[in-house]
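Participant: The following comprises the amino acid sequence and a computationally predicted model.
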Number of protein chains: 2
Amino acid sequence: MNPRHPNFPIPGGPTLRARGWRQEALLRLLENVLAVGENPDELIVYAALGKAARNWASHKAIVQTLLRMDEDQTLIIQSGKPIGLLKTHDKAPLVIMANCNIVGQWAKAEVFYELEKKGLICWGGLTAGAWQYIGSQGVIQGTYEIFMRIAENRFGGSLAGRFILTAGLGGMGGAQPLAGRMAGAAILCVDVDAERAKKRQDIGYLEEIAPDLDTALAMIDRAVAEKRATSIGLVGNAAEIYPEIARRGIVPDIVTDQTSAHDLVYGYVPKGMSLDEVRRLRVEGPGQLMAASRASIVDHVRAMLAFQQAGSEVFDNGNLIRTHAKAGGVENAFDIKIFTEAYLRPLFARAIGPFRWMALSGDPADIAKIDDKLLELFPDNHIVTNWIALARKHVPFEGLPARIAWLGHGERTALAQTVNQMVADGTLAGPVAFSRDHLDAGAMAHPNIMTENMKDGSDAIADWPLLDAMLLCSSMADLVVVHSGGGGYAGYMTSAGVTIIADGTEAGTERLIHALSNDTALGVMRYADAGYEDSLDEIALKGIGYIPVG
Amino acid sequence: MNPRHPNFPIPGGPTLRARGWRQEALLRLLENVLAVGENPDELIVYAALGKAARNWASHKAIVQTLLRMDEDQTLIIQSGKPIGLLKTHDKAPLVIMANCNIVGQWAKAEVFYELEKKGLICWGGLTAGAWQYIGSQGVIQGTYEIFMRIAENRFGGSLAGRFILTAGLGGMGGAQPLAGRMAGAAILCVDVDAERAKKRQDIGYLEEIAPDLDTALAMIDRAVAEKRATSIGLVGNAAEIYPEIARRGIVPDIVTDQTSAHDLVYGYVPKGMSLDEVRRLRVEGPGQLMAASRASIVDHVRAMLAFQQAGSEVFDNGNLIRTHAKAGGVENAFDIKIFTEAYLRPLFARAIGPFRWMALSGDPADIAKIDDKLLELFPDNHIVTNWIALARKHVPFEGLPARIAWLGHGERTALAQTVNQMVADGTLAGPVAFSRDHLDAGAMAHPNIMTENMKDGSDAIADWPLLDAMLLCSSMADLVVVHSGGGGYAGYMTSAGVTIIADGTEAGTERLIHALSNDTALGVMRYADAGYEDSLDEIALKGIGYIPVG
Ligand SMILES: NC(=O)c1ccc[n+]([C@@H]2O[C@H](COP(=O)([O-])OP(=O)(O)OC[C@H]3O[C@@H](n4cnc5c(N)ncnc54)[C@H](O)[C@@H]3O)[C@@H](O)[C@H]2O)c1
Ligand SMILES: NC(=O)c1ccc[n+]([C@@H]2O[C@H](COP(=O)([O-])OP(=O)(O)OC[C@H]3O[C@@H](n4cnc5c(N)ncnc54)[C@H](O)[C@@H]3O)[C@@H](O)[C@H]2O)c1
């Protein structure tokens, strides 16, 4: 049933196991993140440590509770462990979660690892612990969108004949070659782990793996000359390969990185170390490993800065590589800009962000029908229409058929309402779950990623995601979650997530309208409060209940 | 109308200004925290920086919104500033707030001061920003309860003839002389600020102010010999007075401290510095002031440790004095125990904590009637009956008449339901607001105060207060808030607060039952999850929906 993980079937079909579709839906989403996850045997969904549940005993108790609970009850989950089932009411969420939140002065990688080892906490990543991950599509789209913004800003709208250098072919980073190719570029992706590269090639995200740097650069040269889109993998350590490319005086058009630099123990591989050695040090010498990773990141980021000096468009793609480089002594690491501020902020200021939906029937035709409806609803939204055409062609479904599209206030609600109608009238084979990435306007405080350089200096204020979660609990959402960073992200972020089920009922419509529109309303208000003109414009345009304080 | 602050009248009476009693109630609570606050002109309620709203423009917009909002709307407040008013539903909170939450790595006093200066954040203390503060009664009761636990544990149930040494006569600490006297002890309270001492004497909390240390000690000696309860003030710096008392070989029975040691800039006064000098340095040399405060705290805590060595019962009363002493080099500062772990944990393990209610009519008779009802409902609960008798005698009402009592799961709901009935049938002159301190079982993560030395080591996990807030938003509470520490508490804690209005309606009963019982249920579960036997017992006893995993 699931070629990737035979023991973790992709859910689907018309049969209800729980007492209602809302409960059943959340159960299927939990099953789905394991079906599409990196290492479901360990409950790992992605990013080395991002888990769907604390441990198997917790997983079992969660499943049992979802099966027995009623629609006016709320299941409480603390860092992947179910704690209680309480009577609430029919407009309350079925599930509330808080994952990996640690009191500020203790919110450090070392404390996280210690609490994790004791079995007291687990990291949910963004969408892993909240059962919202849909495989690579989300990150393909995000990366593609960034590349297209760069194309527009700097390269006359097209990346044909442009060279992108990046690294990291893991769970998320593995989307880069496909996104780069979809954007029309020639992209070179470095990963230290041959298996990871092979895996991306096997699923068709990566076209070729070059045997060495010279060959790789020659392949890129050819593609650039022919303005041909291509994706080339190279096995090597980015902390060695990047400096070597820079040394040769080669200047890529775009440079970024998606190694898991955020985690100096379980993510990044220091140069000169074998994978076996790293695995050994994770247990025997985590302190030594952290120091070695930091030292490598220094070289890695110095090369990125050299490319920037030489004229490349260089950006940080959200892996804290600058933060660790700065801690390692690269004073000007933050000369490299963050992708959010550089490319996406005007979208976020209008709460346009990575909205997504999953066909709980398991039937790909449901997504195709929603694609059609989406194109019909938003014919003039080129970000959306362009993406849907590409996604249909290039993006295979992984677990439950799913789609992602950047939509804003009112748009999300319009689509969701229509879809709920399609569930009700039998157009679709089953209910649909709506969700979004945590990297959304009102949902995330992440001063080195999402909220870097906010206009008013409010980067580090974490009130917003907490308000978002509280608001969603007050707005009929089905699942609401607050996540903070674990591993190397510990102390660097807090975010809120939400899932709402279009079950075809009228109550479902009410839920979708309230939760989705309040969520984006808060997003627009967060940016309005920080002084973004676009947000004030959006507030006036859409009649959002913002309170201007004079 | 309000002798303390003529410009900030105590609310009351039967006239509704808002569109419903729930909105009116929250407005009255906001008015009340200013009426009983330390410096309402600056919106300061207590603890030097604990504010009711960000600034006067925010305050005005909050008031206007409370006046115009309907019962199916939710007002969103971010660090004391109103952000938006959104349509939710009739079971959603009227107000949700997040105050002073800062992303972990940035959660430091320096960053807080900077954000505060920019007007981007404000600290809500625990109950100040959430409009739940009722004046000194809460802290009188808390301090009294601690003294009584010590009496039971160590002094055969009575503090007659016992000497308590403490410091700090501010907004909270000013309750100590009264609590000490109520507990039967001879208590000496040191404060560096003569005005503060005078103020406590004027309101009858402090009996006498001694002119110097010798006289003070002689007065204490006499009272101890006569086993007479007394409270003596002494103007001086605790960092000088404590060591001097220790040097003389005097060993008080109990030693603690409630100077605002948590804040090295706006709270603590270093020895050898005049108040004017401190005020100047707050502006001109905050760094220098922090260093001087830390150095004084070192001497202050060393003296406390000396008393402990000599046999005194010494405890930290929640002002982070040990934390700063340790940072200043007192390696064994944490040999001093924290009051929560030492005296109150068995209560918290059953979610017995500082529950409270306010008569929105302004009529003291309402509280008297509820007192009677309480004694009727819980005749065998000696903590409660004992306290009510003392409170009636000793504790004057400050703003809205209010009462506090330590009640647990089921007890709070039972009382609230009864009171709502008394509102409905006209026994009381008006609605009643129910609330509690944030220092409550499920509501606070504070590794150096509330959750120090948890059985399982989960001290620093902040999932719990976030779950509590989410649960309360899902359980029909009227106001829900998440606070994190500001000033010197920045990065040290996160807590959740709740207010529910007994408006005499059936919906009100439903709200009280859901919000109050889910709140305490989570509290019991938090301690059960950490391995406390009492909690598992309470779960079995009360049928709480805990999910045992494992
Ligand atoms: N836009 C965002 O904010 C965003 C979104 C998704 C992921 N991320 C971040 O991107 C990073 C990658 O995520 P992932 O899920 O792919 O992680 P992953 O752990 O699955 O993969 C990381 C990959 O990097 C490789 N690698 C490690 N060190 C290397 C080195 N020195 N040189 C070359 N390759 C090296 C590993 O072999 C692995 O294949 C993480 O830090 C993640 O948190 C950010
Ligand atoms: N149980 C708890 O957890 C709990 C409850 C309430 C308050 N607190 C803490 O207790 C402390 C006091 O609170 P507050 O509201 O009374 O603060 P406050 O600022 O109103 O008063 C502090 C008092 O301490 C005096 N002071 C400062 N430095 C001194 C010194 N070196 N020697 C003698 N006196 C000195 C000041 O003059 C002032 O009167 C704070 O840290 C507060 O956060 C803890």
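Facilitator: Happy to help now that I have it. Numbers count the residues shown, from 1 in each chain, chains lettered A, B, ... in the order given. Ligands and ions are numbered 1, 2, ... in the order given.

Participant: Can you report how many residues lie near the residue lying closest to residue A:95 once chain neighbours are set aside?
Facilitator: Closest residue to residue A:95 apart from its sequence neighbours, by C-beta to C-beta, 6 or more residues apart in numbering or on different chains: residue A:479 at 4.4 Å. Where C-beta positions appear, they are placed from N, C-alpha and C, glycine not excepted. Neighbours of residue A:479 under the rule other C-beta atoms under 10 Å in any protein chain shown: 26.

Participant: from memory residue A:479 sits against residue A:498, does it?
Facilitator: Yes. Counting by C-beta atoms under 8 Å, residue A:479 touches residue A:498, with 6.8 Å between them.

Participant: what stretches of chain A score poorly on pLDDT?
Facilitator: Low-confidence regions of chain A, defined here as pLDDT under 70, do not occur.

Participant: Just the closest residue of it to ligand 2, please.
Facilitator: residue A:103 (14.9 Å; C-beta to the nearest ligand atom).

Participant: Could you check how far that residue is from residue B:489?
Facilitator: According to C-beta to C-beta, to the nearest Å, residue A:103 stands 11 Å off from residue B:489.

Participant: So the two - more neighbours on which side?
Facilitator: Set residue A:103 next to residue B:489 and count neighbours by other C-beta under 10 Å: residue B:489 wins out with 31 against 25.

Participant: can you tell me how far the nearest residue to residue A:133 once chain neighbours are set aside sits from residue A:394?
Facilitator: Closest residue to residue A:133 apart from its sequence neighbours, by C-beta to C-beta, 6+ apart: residue A:127 at 4.2 Å. Separation of residue A:127 from residue A:394 (C-beta to C-beta) stands at 21 Å.

Participant: Please say which of these two ends up with more neighbours.
Facilitator: residue A:127 (28 against 16).

Participant: Now do the same contact list for the more buried one.
Facilitator: A:33, A:45, A:133, A:134, A:138, A:435, A:437, A:438, A:497 (C-beta atoms under 8 Å, 6 or more residues apart in numbering or on different chains).

Participant: And residue A:170, by the same measure?
Facilitator: Per C-beta under 8 Å, 6+ apart, neighbours of residue A:170: A:38, A:46, A:47, A:191, A:196, A:258, A:259, A:260.

Participant: repeat that with 6 Å
Facilitator: Under the criterion of C-beta atoms under 6 Å, 6 or more residues apart in numbering or on different chains, the neighbours of residue A:170 are residue A:196.

Participant: where does the single nearest residue of the stretch 401-550 of chain A relative to ligand 1 land in three-state SS?
Facilitator: Residue of the stretch 401-550 of chain A nearest ligand 1, by C-beta to the nearest ligand atom: residue A:449 (5.3 Å). What DSSP: H, G, I helix; E, B strand; the rest coil gives for residue A:449 is coil.

Participant: Not counting sequence-adjacent ones, nearest residue to it?
Facilitator: residue A:318 (4.7 Å).

Participant: Within range of ligand 2, give me the residues from chain A.
Facilitator: On the criterion C-beta under 6 Å from any ligand atom, ligand 2 has no neighbours in chain A.

Participant: Return the nearest residue of chain A with respect to ligand 1.
Facilitator: Scanning chain A for the residue nearest ligand 1 gives residue A:170, at 1.7 Å (criterion: C-beta to the nearest ligand atom).

Participant: what about that residue, helix or strand, and which?
Facilitator: Using DSSP states H and E, residue A:170 maps to neither a helix nor a strand.

Participant: That one and chain B: what is the separation?
Facilitator: Distance, residue A:170 to chain B, by C-beta to the nearest C-beta, to the nearest Å: 24 Å.

Participant: With residue A:232 instead?
Facilitator: As judged by C-beta to the nearest C-beta, residue A:232 and chain B stand 37 Å apart.

Participant: What strands line up against whatever helix or strand that residue lives in, and which way round?
Facilitator: Here residue A:232 sits within strand A:230-235, counting by DSSP H and E. In the sheet, strand A:230-235 lines up against strand A:186-191 (parallel), strand A:208-210 (parallel) (DSSP bridges).

Participant: Can you point out the buried residues in it?
Facilitator: Neighbour-count burial for strand A:230-235 flags A:230, A:231, A:232, A:233, A:234, A:235 (criterion: 16 or more other C-beta atoms under 10 Å in any protein chain shown).

Participant: which residues pair with residue A:189 across the strands?
Facilitator: residue A:166, residue A:233.

Participant: and it, how many neighbours does it have?
Facilitator: Residue A:189: 28 neighbours (other C-beta under 10 Å).

Participant: list the contacts for it?
Facilitator: Residue A:189 is in contact with A:166, A:169, A:176, A:177, A:233, counting by C-beta under 6 Å, 6+ apart.

Participant: Near residue A:326, how many other residues are there?
Facilitator: Neighbours of residue A:326 (other C-beta under 10 Å): 18.

Participant: Tell me who's in contact with it.
Facilitator: residue A:333.

Participant: name the element it belongs to?
Facilitator: Assigned by DSSP H and E, residue A:326 falls in helix A:321-327.

Participant: Past that helix, which element shows up next along the chain?
Facilitator: Helix A:321-327 is succeeded, C-terminally, by strand A:337-338 (DSSP H and E).

Participant: Endpoints of stretch A:127-141, how far apart?
Facilitator: By C-alpha to C-alpha, to the nearest Å, the extent of stretch A:127-141 from end to end equals 15 Å.

Participant: Is it in proximity to ligand 1?
Facilitator: Yes. Using C-beta under 6 Å from any ligand atom, stretch A:127-141 reaches ligand 1 at residue A:139.

Participant: and residue A:522, how far is that from residue A:545?
Facilitator: In terms of C-beta to C-beta, residue A:522 sits 10 Å off from residue A:545.

Participant: which one of the two has more residues nearby?
Facilitator: Taking other C-beta under 10 Å, residue A:522 and residue A:545 do not tie; residue A:522 has more neighbours (31 against 18).

Participant: and that one, what does it touch?
Facilitator: Residue A:522 neighbours (C-beta under 6 Å, 6+ apart): A:442, A:468, A:471.

Participant: What about these, which one has the most neighbours?
Facilitator: Among the contacts of residue A:522, residue A:468 has the most neighbours (other C-beta under 10 Å), with 31 neighbours.

Participant: Which secondary structure element is home to that residue?
Facilitator: helix A:463-473.

Participant: Quick check: phi and psi on the closest residue to chain B within the stretch 451-550 of chain A?
Facilitator: Of all residues in the stretch 451-550 of chain A, residue A:491 sits closest to chain B, at 3.2 Å by C-beta to the nearest C-beta. Dihedral pair for residue A:491: phi 80, psi 0, per degrees, to the nearest 10.

Participant: Might one say that it is in contact with residue A:105?
Facilitator: No. The criterion here is C-beta atoms under 6 Å, and residue A:491 misses it with residue A:105 at 9.1 Å.

Participant: More neighbours: which of those two?
Facilitator: The neighbour comparison of residue A:491 against residue A:105 (other C-beta under 10 Å) goes to residue A:491, with 24 against 21.

Participant: quick check, stretch A:110-125 touching chain B?
Facilitator: Yes. On the criterion C-beta under 6 Å from any C-beta of the partner chain, stretch A:110-125 is in touch with chain B at A:118, A:120.
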